[in-house]
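S.K.: Dropping the sequence and predicted coords here.
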Amino acid sequence: MANGAKMYLNIDGDEIPIGEVINGKMIYIGE
């Protein structure tokens, strides 16, 4: 995956960021 790619969780139309790719690894943020 490309650096800076972000993963979002869509809940009731709200996009909540849950992770970002750094150095090729998905780093999860929050709980």
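M.R.: Yes, it's here. Predicted, not measured: the structure shown is a model, and the values here were computed from it.
S.K.: Count residues in the vicinity of Leu9, would you?
M.R.: 11 (other CB atoms under 10 Å). C-beta: built from backbone N, CA, C; applies to glycine.
S.K.: Also Glu20?
M.R.: Glu20 has 16 neighbours, counted by other CB under 10 Å.
S.K.: ok, it to Asp14 distance?
M.R.: Using CB to CB, to the nearest Å, Glu20 is found at 18 Å from Asp14.
S.K.: Do you have the strands of this protein handy? List them.
M.R.: Ranges of strands within the chain are 6-11, 14-22, 25-28, based on DSSP state E.
S.K.: I'd like those written out as a markdown table, with mean pLDDT added.
M.R.: What follows is the strands of the chain, written out as a markdown table (pLDDT from 0 to 100):
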| stretch | mean pLDDT |
| --- | --- |
| strand 6-11 | 92 |
| strand 14-22 | 93 |
| strand 25-28 | 92 |
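S.K.: which of those sits most buried?
M.R.: Of all the strands of the chain, strand 14-22 carries the top mean neighbour count, a mean of 12, counting by mean count of other CB atoms under 10 Å.
S.K.: and the angle for that one with strand 6-11?
M.R.: Interaxial angle, strand 14-22 versus strand 6-11 (axes from the mean of the first three to the mean of the last three CA atoms, to 10 degrees): 160 degrees.
S.K.: Report all helices and strands that strand 14-22 contacts.
M.R.: strand 6-11, strand 25-28 (3 or more CB pairs under 8 Å, 6 or more residues apart in numbering; DSSP states H and E).
S.K.: Not counting its neighbours along the chain, what's nearest Tyr8?
M.R.: The shortest distance from Tyr8 to any non-neighbouring residue, by CB to CB, 6 or more residues apart in numbering, is to Glu15 (4.4 Å).
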